[in-house]
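Participant: Here is my input, please return the structure:
(2 chains)
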Protein chains: 2
Amino acid sequence: MRELIVELGERSYPIYIEAGLLDRMATIFMEHAISKKSPILIVTDTNIAPLYLSKVEKHLQQYGFIVHSAVVTAGEAAKSLTNLESLVGSALEFGLDRRSAIVALGGGVVGDLAGTLAATYMRGISFIQIPTTILAHDSSVGGKVAVNHPLAKNIIGAFHQPQFVLYDLNTIQSLPLREVKAGLSEVVKHGFIWDESFVSWCEENVSNLLQLDAESLGYALYNGCSVKANVVSQDERENSLRAILNLGHTIGHALEAVAGYGELLHGEAISIGMVGSAMLAVRYGVDEQVYTRTKALLEQLGLPTSIPAHFDVDAIMRAMMHDKKFREGHMVFVVPTAMGTVEIKENVPVSWVREIVEQLKREAS
Amino acid sequence: MRELIVELGERSYPIYIEAGLLDRMATIFMEHAISKKSPILIVTDTNIAPLYLSKVEKHLQQYGFIVHSAVVTAGEAAKSLTNLESLVGSALEFGLDRRSAIVALGGGVVGDLAGTLAATYMRGISFIQIPTTILAHDSSVGGKVAVNHPLAKNIIGAFHQPQFVLYDLNTIQSLPLREVKAGLSEVVKHGFIWDESFVSWCEENVSNLLQLDAESLGYALYNGCSVKANVVSQDERENSLRAILNLGHTIGHALEAVAGYGELLHGEAISIGMVGSAMLAVRYGVDEQVYTRTKALLEQLGLPTSIPAHFDVDAIMRAMMHDKKFREGHMVFVVPTAMGTVEIKENVPVSWVREIVEQLKREAS
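Facilitator: Have a look, this model is predicted:
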C-alpha cells in the first residue's frame, strides 16, 4: 500500500493508495478512532451510489459503525447551497453530532459538497474522503472545500482538512474515458508546476495511463498528490506559494462559468487554461518549447487545447473579473518559467489575456 | 477607552469599548491595515441602517475606503442560507476580493450572518464587528458564527475570529428596553459561570444598568467580555471548557426553536434556561440559594423565568434532541455548582429534564 502524509502540523493526515481498499477500510476507520456511537453520513452521487454505496455501508456496519447515506444528483450543479441545506437537514434527522464523521464517496464534486457540509455542520466535524476519480486526487489534498454561487464557482467554502483519504484504485476502473482524461489533466498539471521528471514520465506513459494500468496509475496519483502535498504543507491557506496550484485555473474557471456547469469537465477547462498560460509564458519570453510540449502532452492525453468556437470572448473576460484570483484590479496568472516550474504574475495586462483567449478560440475553428 | 485583548495566539484581537467610537473608527481601520484598494462590505439590518449606516459609510469614505452595504430584514429569520447566498451575490457584484473586509454593523443576528459570510466567502476574508446591542457583547468574543436551518438554530457555521471589535456605547442608547433586558441576560450569565463578585455587582447595579448609565454599562460589558475572552482563550474550538458558556442554552435554544424564531428574544430564552439549570443544580444537591439568587436577579432585570403556558413540552423535548449539545445519546447540561461557578454534566437523565421543563411551564400559570 502506498501511503503519503500531508504535513500540516496538528492537521496532518495520511492518503492511502491501493487497489481493494474499500473491502478493508473499517480497520482504517478504527485506527483513526472514528466513533462507533455517533452516526456517520456517507455523501455520494447518482453515478457512484449504484456501484459502491451498499458495499461500503454493509462493510462499515459489519464492524459496528452506525451508517447513513445521502445521494445527490451527479454533476457540478450538485455543489449548491440548496444541496448543502438539504444535507444539513439529513444530518440532523440522522442525529449526527459533533463526534460524527462525514464521508465523501465520489469525485471532486462530492468531495467539495460533503467537505463543505463537514466544515460547517455544527461549525465543523470530521471528514473522510474516498475519491473514486483521478481528478479527485487533486481535491483530496489540501482541504479546500466549497460550493458554487450562480455568479461564481467555488466561492462559498472553507479550509477543512480530512482525517484521512482512502484511494481504492479499483474504483477508477469504472470511470468513463472522458473523465479519465480530464483527471489526468490535473495529474500532469502537478508535473508542469513542480517536477519536470514527472512530466517526462507522463510523456512516456501516456498509453499506460489511458489504459488505467494499475501500477502506472498508482505511481501517477502518488506523484500528483506528493507535489500538491509539498505545496500545501508550505502554505495551507493560500497566502502565496499555494496559488501556483491554480495553473490553468484563471481561464479554466471562466470557461466553466460561461459554459454553464457541465458542458466542459473541470479537467478539460483546465487543460485549455494551461495552454493559455503557456502562451502567456511565451509572451514573457519563456522558451517556446514549454508551450509546444505542454500542448502536445495534453493533446496526446486526448484533452481539448482550444476554446470551442461558440464561446463568447466578452463573457469569458467578464467571468474572469469575478474570479477569486482577480485581486485589487489586476489580473493574476500562474505562468510557466520553464518546463516543471512556474511563477505568479500579479500584473498581467488585461489586453494580453484577451488576445490569448481570442487566439485559443481561433485555433478551434 | 476600555480595551480588551482576546488572546488567541496569531488570531488574537482587541475589543475597543467607548462612547462615540463610530465617529473616529477610520483611524482604527487604518491601524489594523484594512485595505483601501479592496472594497469593504457593511452588512446591517432594517433597524440599524436608518440610524447609523450612512454615517458609517460617509466616515469611512472620507478616509478613502471603498464602501458598499447590504441591508437585511431585522430579526432572527435573517440568519438563513438564502440570505447568505444573496450576500455572496452582493459581494461578487461589488467586487470584493480576498483582501476585502466584511463589517457587521448591528446585533448578534447581523454578526452571525455577516460572520458566516466572512468565514465562507472565498473560503474566508477579514471580519470586523461593530455591535450595536448589549447581547452582541457575547457574540463579539470568540468567533462563533452561524446561520440557521429550518430544523435547528446555529447549525451551519464556522469559527472565524474578527480582526477587531468596536463597541460604541452610544449605539446602545437607541435599544428598546426589551432588548436591553435580553442583553443583560447574557451579561449576568458571564457572572453566573465565572465570577461571583460580578454577580454581586450586578445585583447592586440593576437600576443603573436598566437606565443605561454609560459608566455602569461600560463596566458590565467589559466584564462580560472578559469572562468570555478568558474562557475562549483556553478553548477556542469548544472541545471542553468553552461549553460552560452554554449555561441556559440547552433549554433556551429549544424554546427558541419551538416558539418560531422571534417570539422569544435569545436573552429571554436563555434567562428561562438558566433558571432551569439552577433547578437542575438543586437536584444535584447544590445549595438552593443558587436557584433563588439566580431567579431573583433575572426577575429584577425584568426577564422571564418560566416557560409561557402555550408551549408544548413534547415539542421542547424533541427540539433538545436536535441540539448540538446532545452528544452520543446523553443530555449534556451546564449546571451551577455554586454562585459563580458551573460544571458540565454529560449524563443528565432525560426524565429530570422533562420534569424541570414541566415545572418551568407550571410556574407560568
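
Participant: Name the helix or strand of chain A that has the lowest mean pLDDT.
Facilitator: strand A:326-327 (a mean of 54; mean pLDDT, DSSP states H and E).

Participant: Other residues contacting stretch A:286-305?
Facilitator: A:177, A:181-182, A:184-185, A:188, A:192, A:199, A:202-203, A:206, A:209-210, A:264, A:267-268, A:271-272, A:274-275, A:278-279, A:281-282, A:335-339, A:363 (Cβ atoms under 8 Å, 6 or more residues apart in numbering or on different chains). For every residue, glycine as well, the C-beta is placed using N, CA and C.

Participant: What subset of those is buried?
Facilitator: For the contacts of stretch A:286-305, a burial check counting by 16 or more other Cβ atoms under 10 Å in any protein chain shown picks out A:181-182, A:184-185, A:188, A:192, A:199, A:202, A:206, A:209-210, A:264, A:267-268, A:271-272, A:274-275, A:278-279, A:281-282, A:335-336, A:339.

Participant: taking the contacts of stretch A:286-305 one by one, which sit in helices?
Facilitator: When those are checked against helices (DSSP state H), the matches are A:177, A:181-182, A:184-185, A:188, A:192, A:199, A:202-203, A:206, A:209-210, A:267-268, A:271-272, A:274-275, A:278-279, A:281-282.

Participant: List the buried residues of stretch A:206-218.
Facilitator: For stretch A:206-218, by 16+ other Cβ under 10 Å, it's A:206, A:208-210, A:212, A:216-218.

Participant: what do you get for stretch A:159-172?
Facilitator: A:159-169, A:171-172.

Participant: Could you do stretch A:23-37 as well?
Facilitator: Quick answer for stretch A:23-37 (16+ other Cβ under 10 Å): A:25-26, A:28-29, A:34-35.

Participant: Now narrow these to whatever sits close to chain B.
Facilitator: For chain B, the contacts drawn from those by Cβ under 8 Å from any Cβ of the partner chain are residue A:35.

Participant: coming back round to it: distance to residue B:353 for the buried residues of stretch A:206-218 - can I get that in CSV?
Facilitator: Output for the buried residues of stretch A:206-218, formatted as CSV (distance: Cβ to Cβ, whole Å):
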residue, distance to residue B:353
A:206, 65
A:208, 63
A:209, 60
A:210, 61
A:212, 56
A:216, 60
A:217, 55
A:218, 53
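
Participant: Take these and write them to JSON lines, including distance to chain B and pLDDT.
Facilitator: JSON lines is the format used below for the buried residues of stretch A:206-218 (distance: Cβ to the nearest Cβ, whole Å; pLDDT from 0 to 100):
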{"residue": "A:206", "distance to chain B": "34", "pLDDT": "97"}
{"residue": "A:208", "distance to chain B": "36", "pLDDT": "96"}
{"residue": "A:209", "distance to chain B": "31", "pLDDT": "96"}
{"residue": "A:210", "distance to chain B": "34", "pLDDT": "95"}
{"residue": "A:212", "distance to chain B": "33", "pLDDT": "94"}
{"residue": "A:216", "distance to chain B": "34", "pLDDT": "95"}
{"residue": "A:217", "distance to chain B": "30", "pLDDT": "94"}
{"residue": "A:218", "distance to chain B": "30", "pLDDT": "94"}
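
Participant: Out of these, give me the two with the largest separation.
Facilitator: A:206 and A:218 (16.5 Å; Cβ to Cβ).

Participant: Let me know the distance separating the residue lying closest to residue A:21 once chain neighbours are set aside from chain B.
Facilitator: Distance criterion Cβ to Cβ, 6 or more residues apart in numbering or on different chains; nearest residue to residue A:21, sequence neighbours excluded, is residue A:168 at 4.0 Å. Distance, residue A:168 to chain B, using Cβ to the nearest Cβ, to the nearest Å: 28 Å.

Participant: Who are the contact partners of residue A:168?
Facilitator: Shown in contact with residue A:168 (Cβ under 8 Å, 6+ apart): A:18-22, A:130, A:132.

Participant: need these in JSON lines with neighbour count and pLDDT, can you?
Facilitator: Formatted as JSON lines, the contacts of residue A:168 follow (neighbours: other Cβ atoms under 10 Å in any protein chain shown; pLDDT from 0 to 100):
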{"residue": "A:18", "neighbour count": "16", "pLDDT": "94"}
{"residue": "A:19", "neighbour count": "18", "pLDDT": "93"}
{"residue": "A:20", "neighbour count": "11", "pLDDT": "94"}
{"residue": "A:21", "neighbour count": "18", "pLDDT": "95"}
{"residue": "A:22", "neighbour count": "17", "pLDDT": "96"}
{"residue": "A:130", "neighbour count": "28", "pLDDT": "97"}
{"residue": "A:132", "neighbour count": "26", "pLDDT": "95"}
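
Participant: which among those residues gets closest to chain B?
Facilitator: Comparing these against chain B with Cβ to the nearest Cβ places residue A:130 closest, at 22.7 Å.

Participant: what secondary structure does the closest one sit in?
Facilitator: Under the three-state scheme (DSSP: H, G, I helix; E, B strand; the rest coil), residue A:130 adopts strand.

Participant: That one contacts residue A:166, doesn't it?
Facilitator: Yes - counting by Cβ atoms under 8 Å, residue A:130 touches residue A:166, with 4.8 Å between them.

Participant: contacting residues for residue A:157?
Facilitator: Per Cβ under 8 Å, 6+ apart, neighbours of residue A:157: A:112, A:115-116, A:119, A:144-147, B:120, B:123.

Participant: Select from these every entry located in helices.
Facilitator: A:112, A:115-116, A:119, B:120.

Participant: Can you flag the buried ones in those residues?
Facilitator: The neighbour-count criterion (16+ other Cβ under 10 Å) marks A:112, A:115-116, A:119, B:120 among the ones in helices among the contacts of residue A:157 as buried.

Participant: would you list the residues you listed in TSV and tack on pLDDT and distance to residue A:68?
Facilitator: Compiled in TSV, those are given as follows (pLDDT from 0 to 100; distance: Cβ to Cβ, whole Å):
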residue	pLDDT	distance to residue A:68
A:112	97	20
A:115	98	17
A:116	98	18
A:119	98	19
B:120	98	25
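
Participant: just those residues now: which is nearest residue A:55?
Facilitator: residue A:115 (22.3 Å).

Participant: Next, residue A:167: phi, psi?
Facilitator: phi -110, psi 100 (degrees, to the nearest 10).
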